[in-house]
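Undergrad: task: produce atomic coordinates for the following.
(one chain, ligands or ions: 2)
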Amino acid sequence: MEPIILKRPEHNVSRKNISSAAVKVLYRLKDEGHTAYLAGGGVRDLLLKRNPKDFDVATNATPEQIRKIFKNCRLVGRRFRLAHILFRGEIIETSTFRAPVPDDGDETVYCDNTFKTGDAGMVMRDNIFGTPQEDAMRRDFTINALFYNIADFSIIDYAGGLKDLDQKIIRVIGEPDKRFSEDPVRMIRAARFAGTLGFDIEQEALESICRNKDLLSHAAPSRMYEEVQKLFFCGHAKSIFQWLEKTGLLHPMFHDFSHWLGEDKKRHGWVIQTLEQMDRWRQAGLRVHPALLFALIFGEYHEFLIKNLEDAGQTPHDAARNAVHGHLLGMCENVRVPKQVIYQVCDIMGNQRRFERTQGRRPVRFMHSRGFLDAFLYFKFASKAHNQDQELLAFWNDLRKEHPAKPPQSKKPRKKKNTSPDA
Ligand code: ATP
Ligand code: MG
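TA: Ligands and ions are numbered 1, 2, ... in the order given. So this is what the prediction gives:
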């Protein structure tokens, strides 16, 4: 199939908008006689006039050849062998054009270029080098399969991504059922791109997700944790969440929580408010702690579980820890939340009762303790969301003004972009 090729000025991508590190990698590969394209989300975002999160390069140079050209390079990846070319503060992921996955579902091993399928036809390992066209066609969605060619500044479109960008559609390359069973995480990616870009998921793909959502239980829990963070930290958490609900993907990700949430409008109200808050923080450039994210999203569910345990006779302290720990540990079967984050969420919820104690030296001691800020941010959010504890909130706000946090002694002052969302 001949690709559609757009030359400048038929498209708006300018070399100036590509990071200087990526430009260096592209030119260096080209000067060494290789084909080198900017690929994936970077091209998509440049065409949409959005700021790309990262720049990836695809080339016909093999990983070994790439390593010889760049001193600042290391080869990584168990599943795909690819090169990370390191610049100060930036990594340019550079991969050799890859061929599609062979069609037979049997376990197959090729020497050197390896491919293997596991349960449910999922691709476990593949590193078969291919042509630019093959590389484009094995990507997930048409809008993610565009190339920018540094040699003549053209956009190369093998999969129909330009048209879908124009029409704001997330379309799977190939047969959705097959592509989602190869890698079920693609279903979450579809929801993420739809929510982030404000696009629609093409009908056949949407139906396929609804049919295949339970395949997500085959995805590696640690990869799912990475994906969950991308979903909720990207500044478009609310609309992504709505896609997760619409497609039914929420259930295999957060089984118990999604069951509790059901169709209940009030319960949804809380979750939507927390996601709006997350998006405001992110869009203001604030860094949000994963523990605070989980504490907030699951807040009302955790409060519900805590109350059940208190009613069963546990102390408030034990109930908070047991409820949160039990839920998040169970969730690890699908989404592996690191232990440290689980303990921090337990702390946030376990500390809530301390905001009721306003006598003596206790409040000041609590205020200077580790973990206070996240617990306070939760308390402040919950007070507002439930429209309660306004006097307590005023007390703690006053106390914080009277005892401002001491600036860190030895560390450099943080830039505003990286600060956490203080009250
Ligand atoms: P983001 O803005 O989140 O970085 P992205 O599209 O660049 O979005 P990456 O995870 O950086 O996503 O991946 C880079 C490119 O690699 C994608 O654009 C896509 O072409 C390809 N890709 C990534 N994950 C998959 C996958 N699971 N299946 C097929 N292709 C994928
Ligand atoms: Mg990317």
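Undergrad: would you list every one of the strands in this structure?
TA: Ranges of strands within the chain are 4-6, 36-39, 56-59, 73-76, 82-87, 90-96, 115-117, 123-126, 146-149, 154-157, 169-170, 200-201, based on DSSP state E.
Undergrad: for the second one, packing partners?
TA: Going back to what we said before, that points to strand 36-39. In terms of contacts (3 or more CB pairs under 8 Å, 6 or more residues apart in numbering; DSSP states H and E), strand 36-39 is packed against helix 20-31, strand 56-59, strand 146-149. Every C-beta, even on glycine, is put in place using the N, C-alpha and C of the backbone.
Undergrad: and for the last one?
TA: Based on contacts counted as 3+ CB pairs under 8 Å, 6+ apart, the elements that strand 200-201 packs against are strand 169-170, helix 185-197.
Undergrad: what lines up beside it in the sheet?
TA: Sheet pairing of strand 200-201 (DSSP bridges) gives strand 169-170 (parallel).
Undergrad: averaged pLDDT, the partner strand. What do you get?
TA: For strand 169-170, mean pLDDT rounds to 98.
Undergrad: same check on stretch 37-57?
TA: 96.
Undergrad: buried residues, it. List them.
TA: Within stretch 37-57, the residues that count as buried by 16 or more other CB atoms under 10 Å are 37-47, 52, 55-57.
Undergrad: nearest to ligand 2, of these?
TA: Ranked by distance to ligand 2 (CB to the ion), the buried residues of stretch 37-57 are led by residue 41 at 3.6 Å.
Undergrad: in contact with the closest one, which residues?
TA: 52-54, 56, 144 (CB atoms under 8 Å, 6 or more residues apart in numbering).
Undergrad: against ligand 1, how distant is it?
TA: 2 Å (CB to the nearest ligand atom, to the nearest Å).
Undergrad: kindly report the same for residue 269.
TA: 29 Å.
Undergrad: low-confidence stretches in this structure?
TA: Across the chain, the ranges flagged by pLDDT under 70 are 79, 101-127, 405-420, 422-423.
Undergrad: can I get the helices and strands packed on strand 200-201 in JSON lines with mean neighbour count and distance to ligand 2?
TA: Below are the helices and strands packed on strand 200-201 laid out as JSON lines (neighbours: other CB atoms under 10 Å; distance: least, CB to the ion, whole Å):
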{"stretch": "strand 169-170", "mean neighbour count": "22", "distance to ligand 2": "15"}
{"stretch": "helix 185-197", "mean neighbour count": "22", "distance to ligand 2": "11"}
